[in-house]
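J.: the sequence and its predicted three-dimensional model are supplied below.
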Amino acid sequence: MKVFKFGGASLKNSEAVENMASIIEEYAGESLIIVVSAMAKNTNLLEYIVRKKLQSADYQTLFDEFENFHSQMTNDLFKANAGVKDKIRTMLIELKSKIEQDLEPSKLYDNVVVYGELLSSMIVAEFVNASWVDARDYIKTDEHHQNANINWDKTQKLIVSDLKQTNGIVVTQGFIGSTDNGESTTLGREGSDFTAAIFATCLEVDSVTVWKDVPGILNGDPKKISNTEKFDELPYKEAAEMTYYGASVIHPKTIKPLANQNIPLYVKSFSDPAASGTIIHDCSFKPLPTIIIKDNQCLISFKVIDYSFINEHNLSVIFRELATADIQISMMQNSAVSFSIVVDNNLTKVEALVGRLKSDFQIRYNTGLHLLTIKNYTNKLIQKYQKGNRILLEQTSRNNYRSLMAKLD
C-alpha cells in the first residue's frame, strides 16, 4: 500500500484533475490512499468568507465565486452526470448553513474551511472511480481549533480497523479531523502533508509521495532564489530542520511520524511524474548551502520596567503567554534587560499577547520583516543576502546563519 498526496496546485482546474488521474492510472492494481487538498486557492477563499462573516459584512459574492468554481469543475469533468452534480450541490448547501452559524471564530473557521477538502475529495473520488471516506471519521483530535493535536491511539485504531485491508483506491481529505464529539477541526495551514503521514504510519505503508509543482526539494524557493539545485535524497533529520526553519515544500509535522517507522517520503513533480524527484529516508548526505526566507515576520521585544534583569521568572511569564496565544517562535535572543522573539505576523495574536503582557514589560514590535536562514552557509552567501538589507538580529552557529532583516528604502 502507498499513500499519495495531491495539493491545490495539482487540482487547480479540470486539466489538472485529468493529469492527476493519469498519474494514478500508472499504479493500477496497487492499493492507494489518496489524500487531497482543496482545489486551487479555495482555502484562501473560504478564509475570506469567514472573515467577512465575523465582520458582519456581505460575503455572498465570495460564496458565489466558490460555488461557481466547483460547479464549473463538475460541468467540465462530468458533463451530463447529474448524480455527481447533485452530490456537490448538496455539499454546497451544507456549507452555506455552516457559514450562517453563530460560533466563536476558531470554531466557525473549522466548520467552514473543511468544505474545501470535502468538495475536492468528492470530485476526485468520483472522477477516478474510487471509494470516498471522510477523514473526520478517522483523524481524532483535541478541541484546539485551527491547529488541533492528534489523538494517536484513537486515530490509529479507527484507521486500522477500517482501512488496513483496503484494496484499490481510497480518496480522503487532508488538513481536517474531528473531536470526540464530532466537531470539525483543522490541523494547521498546509496540513495535508501531515494527514498523509498520519494515514501512512497507522497503516505501515510502503511509501508516501507528495506531488508538487516543483521537481523535488530544492535548496531554495525558486520564486525567490535563482539557480537552485535539487536534492536527489535527504536524511529525515535534514528535511525536518529545513521545515522547522521555514522551507514550505513539506509541512513541518510530516517528517517525524514517517521517520519513526522508516517510511520513505518522495517529493515528485505532477507535471513530470516519471522524473526521480527527491526521496527523504535514512541515508548519508552531502550538504548543499540551503537558503530559506520567511516573509511577513514580526519582531517583538520585551524590556523589564523595574530596572531588574531578564531572568527565569520573566521568561516563564512570557513563554506561558506565548503558549496560551498559540504563537510559535522562529528565533529568539536576549540581553540583560530585554528579550526579543521573531514570530509569524498574525496581528490578532500579536496584539492579544501585547495586551496581556504590557503591565509587566515595555513592549515594542516591528512587522513586515524577513527571516533569512542559510544552512551550510558560506561567507560569500551571507554577504550576498545582507546586501540591501538592514539587519535587526543575527545569529551564527557551526552550520547555520540566521538574520532578521528589513529592506532598506
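T.: On my side now, so go ahead. The model shown is predicted, which means the values in this text are computed figures rather than measured ones.
J.: show me where this structure has its helices.
T.: Using DSSP state H, the helices found in the chain span residues 14-25, 42-54, 60-78, 82-99, 105-128, 152-163, 192-203, 236-245, 255-260, 312-324, 347-357, 379-386.
J.: could you say which of these is packed most deeply?
T.: Comparing the helices of the chain by mean neighbour count (mean count of other CB atoms under 10 Å), helix 192-203 comes out on top with a mean of 26. C-beta: built from backbone N, CA, C; applies to glycine.
J.: tell me what it is packed against?
T.: strand 2-6, strand 32-36, helix 152-163, strand 169-173, strand 207-212, helix 255-260 (3 or more CB pairs under 8 Å, 6 or more residues apart in numbering; DSSP states H and E).
J.: which parts of the second one are buried?
T.: Just to be clear, that refers to strand 32-36. Within strand 32-36, the residues scored as buried using 16 or more other CB atoms under 10 Å are 32-36.
J.: switch the helices of the chain over to JSON lines; also include distance to T290 and mean pLDDT.
T.: Shown next, in JSON lines, are these (distance: least, CB to CB, whole Å; pLDDT from 0 to 100):
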{"stretch": "helix 14-25", "distance to T290": "28", "mean pLDDT": "97"}
{"stretch": "helix 42-54", "distance to T290": "27", "mean pLDDT": "96"}
{"stretch": "helix 60-78", "distance to T290": "36", "mean pLDDT": "96"}
{"stretch": "helix 82-99", "distance to T290": "40", "mean pLDDT": "95"}
{"stretch": "helix 105-128", "distance to T290": "31", "mean pLDDT": "97"}
{"stretch": "helix 152-163", "distance to T290": "31", "mean pLDDT": "97"}
{"stretch": "helix 192-203", "distance to T290": "19", "mean pLDDT": "97"}
{"stretch": "helix 236-245", "distance to T290": "6", "mean pLDDT": "93"}
{"stretch": "helix 255-260", "distance to T290": "15", "mean pLDDT": "96"}
{"stretch": "helix 312-324", "distance to T290": "27", "mean pLDDT": "94"}
{"stretch": "helix 347-357", "distance to T290": "28", "mean pLDDT": "91"}
{"stretch": "helix 379-386", "distance to T290": "10", "mean pLDDT": "94"}
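J.: please enumerate the strands of the stretch 301-409 of the chain.
T.: Assigned by DSSP state E, counting those that start in this stretch, the strands in the stretch 301-409 of the chain fall at 329-334, 338-344, 361-375, 389-396, 400-407.
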